[in-house]
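Asks: okay, sequence plus prediction incoming.
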Amino acid sequence: MARKWIRSFSSDTGGNVAMLFSLMLLPIVVMGGGAVDLNMAINARGRLAEALDAAALAVGAAPNLPPEDAEALAQAIIAANYPQREFGDLGTIDIDIDDLNDIITVAGTSSVQTAFLGLIGIDYLTVGWESEVQRARTALELVMVLDNTGSMSGSKIAALRDAALLLTEILHENAAEPGLLEIGLVPFSSTVNVGTEHERAWWLDPDALSPDHSNNFDPPANRWDVIDSMLYEAWDGCVEARAIPLDIEDVEPDPGAPETLFLPYFAPDEPTGVSGFSNSYMSDQMGGSDLFARLANSAKYAGVNPWGWASNWGCTARPVTPLTSDRSMIDDAISDMIASGTTNIPIGVSWGVRLLSPQEPFTEGNPWDDDDNIKAMVILTDGQNVINGRGNFNYSDYSGYGYVREGRLGVITSSSWALRNALNERTGAACAYARAQGIRVYTITFQVSSSTTRDMMRECASHPSLYFDSPSNEALHNAFEMIAGDLTNLRLSR
């Protein structure tokens with residue numbers, strides 16, 4: 001019926017009908033074409049919003065830029081994201097930086113030329129947008145747990161230093177309030193070095209209360225006293241893991257619970273002239289076939305000038321650096337890293353947690369339940385966990401877990417493969433424990449060929465996207481740069 005009426009209307013040659021049709025034609029064109037113009041304006045406003053948001057974020061991420069440089073940066077970002085030839089003519093762009101409240105506001109307009117509304121005198125539609133970004137004022141605590149083992153020697157340790165320094169540079173340069181940024185460092189190898197300034201600290205079992213303190217001395221002896229009894233020997237600062245599960249847990253040391261105390265690292269003198277042992281540094285002062293008696297002889301240490309690494313054999317890493325807002329302190333510690341020793345990832349992760357913790361032995365961390373604080377950890381390794389198994393009564397070389405014979409790792413075996421698996425299990429448990437404390441865990445493998453290790457480190461991260469496999473120095477650099485960008489932690493407030 002409607003079609004018949006339209007055909008009748010269009011074919012009618014009467015003057016009144018023709019005049020009526022001509023009068024209705026303009027409004028019909030304007031109404032239909034106006035919808036097209038309005039849609040173009042809406043699209044232009046959306047693109048303008050994206051451009052201004054990007055500009056505000058870029059300025060917010062660079063808090064130390066002078067005002068003129070900040071404005072130039074914003075203008076460049078807007079120009080790159082809003083091509084005028086496609087969307088319209090930009091008007092004035094206003095950029096306001098409120099340093100007191102850490103708020104960046106970028107506002108602007110664009111005039112979109114109409115195609116149809118010009119018929120009724122509307123040549124342009126003006127759209128506007130205002131983007132506001134508030135710099136995150138949340139405190140950030142970051143600990144880097146970095147492999148400093150022998151396989152990292154040469155160009156690899158140099159590349160690691162450069163990448164870690166890049167991370168501290170980006171974070172410090174983008175920190176509007178330096179006091180809200182603290183960074184710590186845990187270089188690890190077979191064990192971790194807490195620093196010689198803690199010699200005989202109350203949490204380092206000065207009274208030999210720990211059930212593991214005298215495992216390798218007969219009669220029982222205090223490690224601290226044994227070290228002091230030797231000539232020219234001193235404790236180099238390394239510590240040993242507590243027995244599982246305390247090896248990875250942030251349980252505060254307590255003399256009332258001796259198993260929670262930490263042990264000063266002490267590698268015993270092993271039997272002289274016997275194959276299968278790696279660390280003989282003095283005379284046994286006794287012979288015979290009882291090799292354990294020769295190893296554990298407490299009396300042999302007094303007055304002896306040992307050779308080699310002696311009781312510090314395996315203590316190769318530089319000291320940890322507790323959380324600090326002093327950039328020069330953390331940068332110096334990174335620059336001092338060396339490459340030596342074997343790989344023990346779980347002991348590194350466990351001390352990363354303890355540096356982030358608010359309780360002893362390091363107390364620089366904010367409370368775990370502080371909602372205004374982010375705790376993060378970067379864990380890097382270039383190889384597989386290692387404890388060398390031995391076909392003797394110790395079952396292994398001495399390591400951060402002592403001898404395998406002592407049971408602190410939870411297994412008794414001389415198989416290096418099985419010991420690696422045990423360390424891998426503790427690595428997974430240490431990472432899970434860190435995540436359970438609310439720590440944002442990033443992981444990096446650097447030139448790692450083992451798929452097992454890569455899978456382990458991927459699972460260690462808080463999310464697969466926070467794992468970075470770096471087969472080259474450039475990839476390592478990029479990984480640290482991406483982590484720094486993620487930790488910048490900006491948010492759009494409107």
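Replies: Okay, I see it.
Asks: please enumerate the strands of the stretch 1-150 of the chain.
Replies: The residue ranges that make up the strands of the stretch 1-150 of the chain, judged by DSSP state E, counting those that start in this stretch, are 89-98, 103-113, 124-134, 139-147.
Asks: could those strands go into TSV alongside mean neighbour count?
Replies: Every C-beta, even on glycine, is put in place using the N, C-alpha and C of the backbone. As requested, the strands of the stretch 1-150 of the chain are exported to TSV (neighbours: other Cβ atoms under 10 Å):
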stretch	mean neighbour count
strand 89-98	14
strand 103-113	20
strand 124-134	18
strand 139-147	26
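Asks: turn the ones you listed into a markdown table, including mean pLDDT and distance to residue 54.
Replies: Supplementary listing: these in a markdown table, determined by pLDDT from 0 to 100; distance: least, Cβ to Cβ, whole Å:
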| stretch | mean pLDDT | distance to residue 54 |
| --- | --- | --- |
| strand 89-98 | 86 | 13 |
| strand 103-113 | 88 | 9 |
| strand 124-134 | 85 | 8 |
| strand 139-147 | 96 | 23 |
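Asks: can you tell me which residues contact the residue nearest to residue 302 when sequence neighbours are not counted?
Replies: Excluding the flanking residues, the one nearest residue 302 by Cβ to Cβ, 6 or more residues apart in numbering is residue 229, at 4.4 Å. In this structure, residue 229 makes contact with 301-303, judged by Cβ atoms under 8 Å, 6 or more residues apart in numbering.
Asks: most surrounded residue in these?
Replies: Counting neighbours by other Cβ atoms under 10 Å, residue 301 comes out on top of the contacts of residue 229 with 24 neighbours.
Asks: wait, what's in contact with that residue?
Replies: Applying Cβ under 8 Å, 6+ apart, one finds that residue 301 lies in contact with 226, 229-230, 269, 282.
Asks: circling back: how about the residue nearest to residue 302, phi and psi?
Replies: Phi and psi for residue 229, reported as degrees, to the nearest 10, are phi -80, psi -20.
Asks: ditto for the one 5 residues further on
Replies: Per-residue torsions, residue 234: phi -150, psi 160 (degrees, to the nearest 10).
Asks: pretty sure it sits against residue 196.
Replies: Yes. Between residue 234 and residue 196 there is a contact under Cβ atoms under 8 Å: 7.5 Å.
Asks: what secondary structure does the residue most central in space within the chain sit in?
Replies: Taking Cα atoms, centre = their mean as the criterion, residue 378 is the residue nearest the geometric centre of the chain, at 2.6 Å. Three-state secondary structure (criterion: DSSP: H, G, I helix; E, B strand; the rest coil) places residue 378 in strand.
Asks: quick one: low-confidence parts of this protein?
Replies: 1-34, 63-64, 85-86, 100, 116, 118, 135-137, 176, 489-494 (pLDDT under 70).
Asks: how about the helices of it, start to end?
Replies: When assigned using DSSP state H, the helices of the chain occupy the ranges 2-11, 15-60, 67-81, 84-87, 155-173, 223-229, 291-296, 327-335, 345-356, 416-436, 451-460, 473-487.
Asks: what is the last one packed up against?
Replies: Helix 473-487 is packed against helix 155-173, strand 373-381, strand 440-446, strand 467-470, with contacts defined by 3 or more Cβ pairs under 8 Å, 6 or more residues apart in numbering; DSSP states H and E.
Asks: put the alpha carbons of it into PDB.
Replies: Provided in PDB are the C-alpha atoms of helix 473-487 (Å, rounded to 0.1, in the frame of the first residue of the first chain):
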ATOM      1  CA  ASN A 473      72.000  -9.800  25.700                       C
ATOM      2  CA  GLU A 474      69.500  -7.600  23.800                       C
ATOM      3  CA  ALA A 475      66.600  -9.800  24.900                       C
ATOM      4  CA  LEU A 476      67.800  -9.500  28.500                       C
ATOM      5  CA  HIS A 477      68.000  -5.700  28.200                       C
ATOM      6  CA  ASN A 478      64.400  -5.700  26.700                       C
ATOM      7  CA  ALA A 479      63.100  -7.900  29.500                       C
ATOM      8  CA  PHE A 480      64.400  -5.600  32.300                       C
ATOM      9  CA  GLU A 481      63.000  -2.600  30.300                       C
ATOM     10  CA  MET A 482      59.600  -4.200  30.100                       C
ATOM     11  CA  ILE A 483      59.600  -5.000  33.800                       C
ATOM     12  CA  ALA A 484      60.500  -1.400  34.600                       C
ATOM     13  CA  GLY A 485      57.600  -0.200  32.400                       C
ATOM     14  CA  ASP A 486      55.100  -2.600  34.200                       C
ATOM     15  CA  LEU A 487      56.300  -1.300  37.600                       C
END
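Asks: just want the angle from that helix to strand 139-147.
Replies: Angle, helix 473-487 to strand 139-147, by axes from the mean of the first three to the mean of the last three Cα atoms, to 10 degrees: 160 degrees.
Asks: what comes up buried for helix 473-487?
Replies: With burial defined by 16 or more other Cβ atoms under 10 Å, the residues of helix 473-487 counted as buried are 473, 475-477, 479-480, 483-484, 487.
Asks: give me the contacts around it.
Replies: The set of residues that contact helix 473-487 without belonging to it, under Cβ under 8 Å, 6+ apart, is 140, 142, 155, 159-160, 162-164, 166-167, 170-171, 374, 376, 378, 442, 444, 446, 466, 468-470.
Asks: swap the cut-off to 6 Å and go again
Replies: The set of residues external to helix 473-487 that reach it, using Cβ atoms under 6 Å, 6 or more residues apart in numbering, is 159, 163, 166-167, 170-171, 442, 444, 446, 468, 470.
Asks: pull the most distant pair out of those.
Replies: Farthest apart among those by Cβ to Cβ are 171 and 446. That separation is 20.2 Å.
Asks: neighbour count winner among the two?
Replies: Between residue 171 and residue 446, residue 446 has the larger neighbour count (other Cβ under 10 Å), namely 25 against 21.
Asks: what's the burial count for the closest residue in space to the more buried one that isn't next to it in sequence?
Replies: If the residues on either side of it in the chain are set aside, residue 446 comes closest to residue 382, at 4.4 Å by Cβ to Cβ, 6+ apart. Residue 382 has 24 neighbouring residues, counting by other Cβ under 10 Å.
Asks: now do stretch 197-204: distance to the chain's middle.
Replies: Taking the mean of its C-alpha atoms, stretch 197-204 sits 28 Å from the chain's own mean (Cα atoms, centre = their mean, to the nearest Å).
Asks: ok, now how distant is residue 482 from residue 398?
Replies: Taking Cβ to Cβ, to the nearest Å as the measure, residue 482 and residue 398 are separated by 38 Å.
Asks: next: residue 227.
Replies: Taken as Cβ to Cβ, the spacing of residue 227 relative to residue 398 amounts to 15 Å.
Asks: residue 155 too?
Replies: Distance from residue 155 to residue 398, counting by Cβ to Cβ: 30 Å.
Asks: nearest to residue 262, of the helices of the chain?
Replies: Of all the helices of the chain, the one in closest proximity to residue 262, counting by Cβ to Cβ, is helix 345-356 (9.7 Å).
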